[in-house]
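**Student:** I would like to see how this sequence folds:
(chains A and B)
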Amino acid sequence: MFACLHAPGNLTLLVECAAHFSPLIEETSTGTVVFDVRGLERMFGTVEQLAAAITRRTGVSANLALAANPDAAAHAARGFSGTTIVPTGRESAMLAPLPLYLLSGSPEFARNLDLWGIRTFGEFAALPPLGVAARLGEEGAHLQRLARGAGQRQLRPRVAPVVFREERELEDSIDLMESLLFLLSQMVRDVCERLRFYGRATNELRLRLKLERAPDHTATLCLPVPILNAKVLLKLLQLELNERPPRAPIERIHLELAPVEPRTAQHGLFFPPVPEPEKLEITLARIRGLVGAANVGAPEILDTYRPDAFRMRILTPSKETNLPLRPKLALRRFRPPRPAQVWCTDHGKPTRVFSRVGGGAVSACAGPWRGGGDWWTPEVWDRQEWDVEISSIGVFRLSRDCLRGLWLLDGNYD
Amino acid sequence: MIGATRLRGEQIPVKFGFREHTEETFPSIVGDIPRGALTEIAGPASSGRTSLLHSLLANMTSRQEFCALLDVENTFDPESAATAEVRLSQVLWVRCGGNAEHALKAADMLAQGGGFGLVAIDLGDTPEKVIRRIPLAAWFRLRHGVENTRTALIAVAQQIHARSCSALKIELSCQRTLWRGQLPGCFLHGLELAAQATRNHCAQKHTFTVRR
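**Tutor:** Prediction:
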């Protein structure tokens, strides 16, 4: 036996009411819920008594129908006002006066039946099934079964979104890292177990620590690959907390892991070995602790003519496999560029350069090459570049900042 | 395999031969950079150290291997590396802010972690007095870190420092700068370099050019 509650615009209340009677609740449409009430006779008595209990529990004015199958219950609740009990075996007769639009068929189906003069469930159910199947196809045959109240399907119960979260309220606040890590290890392990149960991994870990007489301490770890290893997550948390420890004793711990699809990768036998993602992430976290997070990553050149424009990204394998053709002359950049004193000829060509790197006469030079950009922003740049060979030191890239009138050594060709 | 650097797992003595002054001779100098061992590249400014390093990175990344560059003085130029066909997305660049100790620690961690085809420490612009303070034990530790792995460990500096720890030492120097065209409209064309590769106390000399 299935019960259906129908009250447009009150889905939350209907779900709340249905949850008192059954854990299997289907949200059929906005304003309609169907739930399984089989086996409740022992608790509530007859079907009529059960219906009365459901009506009492419903906080709003809603249509209620009880039937042997979910579709019959849903159609009865939508079509009849008040409480309707559809006796088993009499579904066809009970549903016969209902208008046909309740079947929710396709527009073509509705148009065809309208042209044939069929208006109700009863009229449609009376048509020969073979003829309906021949003319209206599979959809027609299925809807005719529903019109007869003979639908056979399982409920599609709604699944509450699973939250992978752990929270611990501490009786006494803790101020030792070891104690905190001990509690975190239990929490991380529990959440990872739950993730494993649901076939999920995580790529984001959020930790919020409520501190004593201080604002909350938060830490978010964004992982480049989904991970489900509690030890790795705990180690990453430990490295993060070592780098940025909480400033006051901790009263409450809140840990949340974002669920994602786990990583499925099978490496080929003949592919070169790559760093194991979990191990690499720990290594990178340690290195970030040494040199700072902004100084670790894979460089990506920005789409601009501005010199030395790049940003740091995460490591990703490249698909290109063509071998490099020949070595190219490389530049070693000075960051920041070294200020230089430059003597020039009347034509503006450098003849002598002195800087912190060294200095001397310019034995050969090439240039200038002018460049500029971003004139529409405060970071406007305008420069002239020269390649200069300074005797007994090396070959350098020399530039003149035309806006500030400064000479700079950008780098060394090496 | 013209213009490519071959990296082998086994330690095979290499017979370097003199070649003509063509651009293809450059990779043959480093034809057998050993994996699981330390290689030192030394030379003053404008001696081709960085070009050689970029060539190695380009070769490694073209084989879909990951590389790490521990840049002590923050001198790596991604644009110049991209010109040398280095796949930047496969290069882990660690900027150590002038701290050589951090670079050595990070190199040790990466060597222990495994999975990298090449780990390079760039000490090219680090003052000599700082590098001399690195104890030999630190180089030995690094060497042991990569032993029996497929990682080639490279150290770039102005002079040879690791001494017996390194399996291969490549010393570079600039012979002359190549300019194309007549003054005043000339261009920097490249560098003509000389290299001496020492392995098992056997030194071989080469000259070659790198071009822009």
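**Student:** so where's chain B shaky on pLDDT?
**Tutor:** Within chain B, the stretches with pLDDT under 70 are B:1-31, B:183-184.
**Student:** tell me where it has helices.
**Tutor:** Here chain B has its helices, by DSSP state H, at B:25-29, B:49-62, B:78-83, B:100-113, B:128-132, B:136-146.
**Student:** so which residues make contact with the third one?
**Tutor:** Right, helix B:78-83. A:299-301, A:307-308, A:310, A:328, A:330-331, B:50, B:54, B:57-58, B:88, B:91, B:93 (Cβ atoms under 8 Å, 6 or more residues apart in numbering or on different chains). In short, each C-beta sits where N, CA and C put it, glycine included.
**Student:** with the fourth one instead?
**Tutor:** Contacting residues not belonging to helix B:100-113 are listed as A:275-276, A:279-280, A:282-283, A:286-287, A:290-291, B:68, B:70-72, B:92, B:94, B:96, B:116, B:119, B:121-123, B:126, B:130-131, B:134, B:138, B:141-142, B:145-146, B:149, B:151, B:153 [Cβ under 8 Å, 6+ apart].
**Student:** could I get the helices of chain B as TSV with mean neighbour count?
**Tutor:** Output for the helices of chain B, formatted as TSV (neighbours: other Cβ atoms under 10 Å in any protein chain shown):
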stretch	mean neighbour count
helix B:25-29	22
helix B:49-62	27
helix B:78-83	20
helix B:100-113	21
helix B:128-132	12
helix B:136-146	17
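**Student:** strands of the stretch 251-400 of chain A, start to end?
**Tutor:** Ranges of strands within the stretch 251-400 of chain A are A:296-301, A:310-313, A:331-344, A:350-355, A:358-373, A:381-390, A:394-401, based on DSSP state E, counting those that start in this stretch.
**Student:** of the ones you listed, which stretch is the most buried?
**Tutor:** When you average the neighbours per residue for each of those (mean count of other Cβ atoms under 10 Å in any protein chain shown), strand A:394-401 leads with a mean of 23.
**Student:** tilt between whatever helix or strand comes next after that strand and strand A:331-344?
**Tutor:** Going down the chain from strand A:394-401, the next helix or strand is strand A:406-413, by DSSP states H and E. Counting by axes from the mean of the first three to the mean of the last three Cα atoms, to 10 degrees, strand A:406-413 lies at 140 degrees to strand A:331-344.
**Student:** parallel or antiparallel, which strands does strand A:406-413 pair with?
**Tutor:** strand A:331-344 (antiparallel), strand A:394-401 (antiparallel) (DSSP bridges).
**Student:** quick one, which of these is nearest to A:S29?
**Tutor:** A:S29 sits nearest to strand A:331-344 of all these, at 62.4 Å, using Cβ to Cβ.
**Student:** what sits up against the closest one?
**Tutor:** A:308, A:350-357, A:359, A:397-400, A:406-414, B:45, B:50, B:74-77, B:79-80, B:124-125.
**Student:** same question for stretch A:132-150.
**Tutor:** A:67, A:69, A:71-72, A:75, A:86, A:91-92, A:94-95, A:100, A:103, A:105-106, A:109, A:112, A:121-122, A:124-125, A:127, A:129, A:151-152.
**Student:** and the residue of the stretch 1-150 of chain A that's closest to chain B?
**Tutor:** Per Cβ to the nearest Cβ, A:E27 is where the stretch 1-150 of chain A lies closest to chain B, at 44.9 Å.
**Student:** do I have it right that that residue meets A:F35?
**Tutor:** No: between A:E27 and A:F35 there is no contact under Cβ atoms under 8 Å: 10.0 Å.
**Student:** which residue of these two possesses the greater neighbour count?
**Tutor:** The neighbour count for A:E27 versus A:F35, taken as other Cβ atoms under 10 Å in any protein chain shown, is higher for A:F35 (25 against 16).
**Student:** name the element the more buried one belongs to?
**Tutor:** Going by DSSP H and E, A:F35 is in strand A:32-36.
**Student:** now that strand: how far from the chain's centre is it?
**Tutor:** Here strand A:32-36 is found 30 Å from its chain centre; the criterion is Cα atoms, centre = their mean, to the nearest Å.
**Student:** I'd like the distance between the nearest residue to A:N229 once chain neighbours are set aside and A:V225.
**Tutor:** Nearest-residue entry for A:N229: A:E278, 5.5 Å, with adjacent residues in sequence omitted and distances by Cβ to Cβ, 6 or more residues apart in numbering or on different chains. Per Cβ to Cβ, to the nearest Å, A:E278 is found 8 Å from A:V225.
**Student:** would you map the strands across chain B?
**Tutor:** All strands of chain B, identified by DSSP state E, fall at B:7-8, B:33-34, B:38-42, B:66-71, B:91-95, B:116-122, B:152-157, B:166-180, B:187-199, B:202-211.
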